[in-house]
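Q: For reference, the sequence and a predicted model appear below.
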Amino acid sequence: MAAAPKNLINAERVTQIYGDEPTLREVSLGINAGDRIGVVGRNGAGKSTLLGILTETEPPVSGRVSVSRGTRIGYLKQRDPFQPGQTIRDAVLSATTMHDIVTDAGAREVLDALIGGHDDATLDRPIENLSGGERRRVDLARLLVSDTEVLVLDEPTNHLDIEVVEWLASHIKRQTGLALLVVTHDRWFLDEVCERMWEVVDGGVEQYDGGYSAFILAKAERSRQQAIEQHKRHNLIRKELAWLRRGPPARTSKPKFRIDVANELIASEPPARNSAELLNFANARLGKTVFEAKDVQIRTGGSSEGDILVDHLTWDIGPGQRLGVLGANGSGKTTLINALLGLVPVSEGTITTGVTVKPAYLSQHLEELNPAWRVLEAVERVAKHVTLGTGRDLSASQLCERIGFGADGQWTPVGDLSGGERRRLQLVRLLMGEPNVLVLDEPTNDFDTETLTALEDLLDGFAGTLIVISHDRYFLERVCDSFRALLGDGSLRDLPGGVDQYLSLRREQPVSGRVEVAPIPHSDAAQERRKRKDVARIERQLEKANAKRAELLERMAKHAADHTKILALSEDLHREEARIADLEAEWFAASE
C-alpha cells in the first residue's frame with residue numbers, strides 16, 4: 001500500500017474577522033506534499049487572507065495553523081517591498097544560489113524566462129529603475145530559484161505575457177513533489193496546473209476535485225442537485241460550461257467529471273453567441289467601415305524619431321469583428337490601438353474611421369470621478385437605460401448588478417471603492433454610452449473569476465466591433481474570433497491558429513529574454529522624474545500603513561477573548577486595509 005502524502009500545512013477551525021462579519025468562519029483544511037490547489041472567489045471574499053493565515057504571516061482571531069517542522073514555504077504576495085538600493089542580484093540570489101547558478105540549469109532557465117538573462121549586466125540592474133511588471137518578475141524569480149516545498153502565489157500572472165504564463169505553468173508542472181497554492185483570475189493557468197480547487201465563499205471554503213473546467217461542471221451539478229444557487233448564476237455557469245465543452249480539446253483533455261452529467265447539462269444550451277444575428281445588427285449600426293489603415297507606419301511615442309513598431313500596415317477592421325491583439329510587454333499593442341482611435345499620430349500612411357463609429361475605450365488608466373458620488377449616480381450621469389446587442393434593454397442598476405455591483409454596492413461612495421471596483425465602474429459607464437466599437441486594454445486586471453464570467457456573458461451579446469488587448473488567454477479565446485500579433489519585426493501578423501500559433505511563433509524567435517521598451521522621449525523626462533517621486537512617496541505611505549496593519553493584527557490576537565475590543569480593532573483594521581488597497585492601486589498605476 002502506498003504511503004499517504006505528507007501533510008505540510010494544516011488549519012483547524014480558523015476564523016478571521018474584518019469589520020462586522022467574519023471573512024473566514026471556522027475553516028478547516030490542509031495541504032499535502034504534491035498538492036496543486038487553485039483558490040477562487042469574489043474580490044473581498046478572503047482569498048488573500050486565507051493565504052496569509054496558512055503561511056503564518058497573518059494570525060487568525062481564533063483557531064490554529066500548524067506547519068510541519070522544517071517545511072520550506074515560498075510566499076508571493078500581491079506586493080512585496082524591496083529594500084532601497086537593491087539590485088536584481090541582491091533580491092533574487094543568495095550567496096549559495098549565486099555560486100550554484102553556473103551549474104544549475106533550472107535556475108538559469110528561471111532567470112532567462114523572467115529576468116531576461118543571468119549575466120552580470122542583467123543581474124546588476126537596480127530594482128528602483130524597474131517597472132511594476134519587471135519587479136513582479138523579480139519577486140517571482142526569487143521564489144522559483146529557492147528550495148521550497150510549498151509555493152504560495154497570490155496573483156502570480158499579473159503583468160506576465162501569455163508566453164511567460166505558459167512557461168510558468170510548464171515549469172511548475174515539472175517540479176515533482178512541490179505543493180502549490182495559487183490565487184489567480186487566470187482560468188487557463190488554473191486549468192493547466194491545478195488538480196484541486198478551493199472556492200472561498202460566505203466565510204467558508206468549498207473544495208472541488210480537478211482544475212477550473214472541472215470546478216465549473218461540479219459547481220453546476222451541485223447547483224442543479226441542491227437548488228441553492230441563484231437562477232442567473234446557474235445559467236452563466238451552464239453557458240460557460242457549454243463553451244468549455246465545445247472549445248479546444250486541450251481544455252478537456254484531463255476531465256475529472258462524468259461526461260453523461262456534462263452532456264445532460266448542456267444538451268439544450270445554445271452557442272455562446274449568435275454570430276450571424278450580431279453581424280447583421282453590427283452592419284446596421286456601423287455600415288461597411290470601422291477602421292481602415294493604408295500603408296501606415298507607427299512609431300513609439302507618436303514621434304517621427306521613435307522606434308518603428310509597425311511599418312507598411314494595411315488593415316481593414318469591419319463591423320462585428322471580434323479581434324484579439326497579442327504581443328509581449330512593450331511590443332506596442334496599446335500604441336497601435338491609440339493610433340486607430342486617433343489618440344497618437346501615425347508617422348506615415350492614413351487611418352480612416354467610419355462616419356458612424358462611436359468608440360468606447362477601456363484603457364489601463366482610471367478616470368477621475370467625484371469621490372462623493374454613489375456608484376449608481378456615477379453610472380446614471382451617463383444614461384439611465386442602455387440597449388446592448390440585439391434588443392437587450394437594461395437599466396443602469398441592472399447593468400451595475402451584471403458587472404458585480406449588488407444592491408448595496410450601488411450606494412457605495414466612489415471614494416470608498418478599491419482599484420478593481422473603480423475599473424468595473426469605468427467599464428459600466430463606458431457601456432452605458434451605447435458604443436458600437438468597444439476597445440478593451442487589459443480588461444481582466446483586478447477582476448475576480450465571477451465578474452469575468454459575467455463580463456464575457458455581457459460581451460456575447462455586444463453587437464458591434466470588439467478589439468481586446470489582454471494577457472488572459474482564457475478571456476481572449478472566450479470573447480474573440482480572430483487574432484493579430486505584434487512580433488517585434490514591424491508587422492502585424494494574422495493568426496489563423498489563434499493563441500497557440502502565437503506561442504509557437506514566439507518560441508521560434510531568437511531568445512532575447514525580454515522585449516526592450518524604447519527609451520522615453522526627452523520631452524517626457526520631467527514627467528518621468530515626477531512619476532518616480534510619486535512611486536517613492538506611495539511606497540513610504542504603504543510601509544507605514546502595513547506597519548499599522550501588523551500592529552492591529554497583533555493587538556487583535558492579544559485581545560482575542562475580548563469581543564468588544566475585537567470589534568473596535570476590526571473597524572480600525574478594515575479602514576487600514578481599504579487604505580492599503582487604494583495605495584496599492586495608486587502604486588501600480590504610477591509604477592507602470
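A: Great, that's in hand.

Q: Quick check, central residue of this protein?
A: The centroid of the chain falls nearest to N445 when counting by Cα atoms, centre = their mean (4.2 Å).

Q: Was I right to think that residue contacts T157?
A: No. Assessed by Cβ atoms under 8 Å, N445 is found out of contact with T157, at 10.7 Å. For every residue, glycine as well, the C-beta is placed using N, CA and C.

Q: Contacts only, for the residue nearest to the centre of the chain.
A: 158, 364, 420, 423 (Cβ atoms under 8 Å, 6 or more residues apart in numbering).

Q: Show me those that map onto helices.
A: 420, 423 (DSSP state H).

Q: Ranking by neighbours, what's the top pick from the contacts of N445?
A: Counting neighbours by other Cβ atoms under 10 Å, the top entry in the contacts of N445 is R423, with 22 neighbours.

Q: does the nearest residue to that one once chain neighbours are set aside count as helix, strand or coil?
A: Spatial nearest neighbour of R423, excluding adjacent residues (Cβ to Cβ, 6 or more residues apart in numbering): D446 at 5.5 Å. Secondary structure, DSSP: H, G, I helix; E, B strand; the rest coil: D446 is coil.

Q: what touches both of N445 and T157?
A: Common neighbours of N445 and T157 (Cβ under 8 Å, 6+ apart) do not exist.

Q: low-confidence ranges in the stretch 101-250 of the chain?
A: Confidence mapping of the stretch 101-250 of the chain against pLDDT under 70 gives the ranges 101-103, 225-238, 240-250.

Q: now the helices for it?
A: Using DSSP state H, counting those that start in this stretch, the helices found in the stretch 101-250 of the chain span residues 105-114, 120-123, 132-144, 162-173, 187-193, 212-226, 231-246.

Q: who touches the second one?
A: Read that as helix 120-123. By Cβ under 8 Å, 6+ apart, helix 120-123 touches 87-89, 92-93, 111, 115-116, 513.

Q: thinking again about what came up before, quick check, the residue nearest to R423 in contact with N43.
A: Yes. If you go by Cβ under 8 Å, D446 and N43 touch, sitting 7.4 Å apart.

Q: didn't R506 look like it was pressed against V164?
A: No. Using Cβ under 8 Å, R506 is not in contact with V164; the gap is 9.9 Å.

Q: Just give the number of residues close to the closest residue to E456 other than its chain neighbours.
A: Spatial nearest neighbour of E456, chain neighbours left out: R478 (5.1 Å); criterion: Cβ to Cβ, 6+ apart. Neighbour count of R478, defined by other Cβ under 10 Å: 22.

Q: R478 in helix, strand or coil?
A: Assignment for R478 (three-state DSSP): helix.

Q: low-scoring pLDDT stretches of the stretch 351-500 of the chain, where are they?
A: 389-392.

Q: Just the helices from it, written as ranges.
A: So, for the stretch 351-500 of the chain - with DSSP H, counting those that start in this stretch - the helices run 375-380, 396-402, 419-432, 449-460, 473-479, 498-508.

Q: Figure out which of these is closest to D20.
A: D20 lies closest to helix 419-432 among the helices of the stretch 351-500 of the chain, at 19.2 Å (Cβ to Cβ).

Q: by contact count, what packs against the closest one?
A: If contacts are counted by 3 or more Cβ pairs under 8 Å, 6 or more residues apart in numbering; DSSP states H and E, helix 419-432 sits against strand 359-362, helix 375-380, strand 385-388, helix 396-402, helix 449-460, helix 563-591.

Q: Report the inter-axis angle for it versus helix 563-591.
A: 60 degrees (axes from the mean of the first three to the mean of the last three Cα atoms, to 10 degrees).

Q: Can you tell me what sits against helix 419-432?
A: By Cβ under 8 Å, 6+ apart, helix 419-432 touches 43, 360-362, 366-367, 369, 375, 378-379, 382-383, 386, 388, 396, 399-400, 403-405, 409, 412, 414, 417, 438, 443, 445-447, 451, 455, 458, 581-582, 584-586, 588-589.

Q: Can you flag the buried ones in those residues?
A: The neighbour-count test (16 or more other Cβ atoms under 10 Å) marks 43, 360-362, 369, 375, 378-379, 386, 388, 396, 399-400, 403-405, 409, 412, 414, 417, 438, 443, 445-447, 451, 455, 458, 581-582, 584-586, 588-589 as buried among these.

Q: Check the gap between the residue nearest to R423 and E401 for me.
A: Applying Cβ to Cβ, to the nearest Å, the value for D446 to E401 is 19 Å.

Q: which residues does the closest residue to T444 other than its chain neighbours contact?
A: Spatial nearest neighbour of T444, excluding adjacent residues (Cβ to Cβ, 6+ apart): D472 at 4.3 Å. When contacts are counted by Cβ under 8 Å, 6+ apart, D472 touches 185-188, 444, 452.
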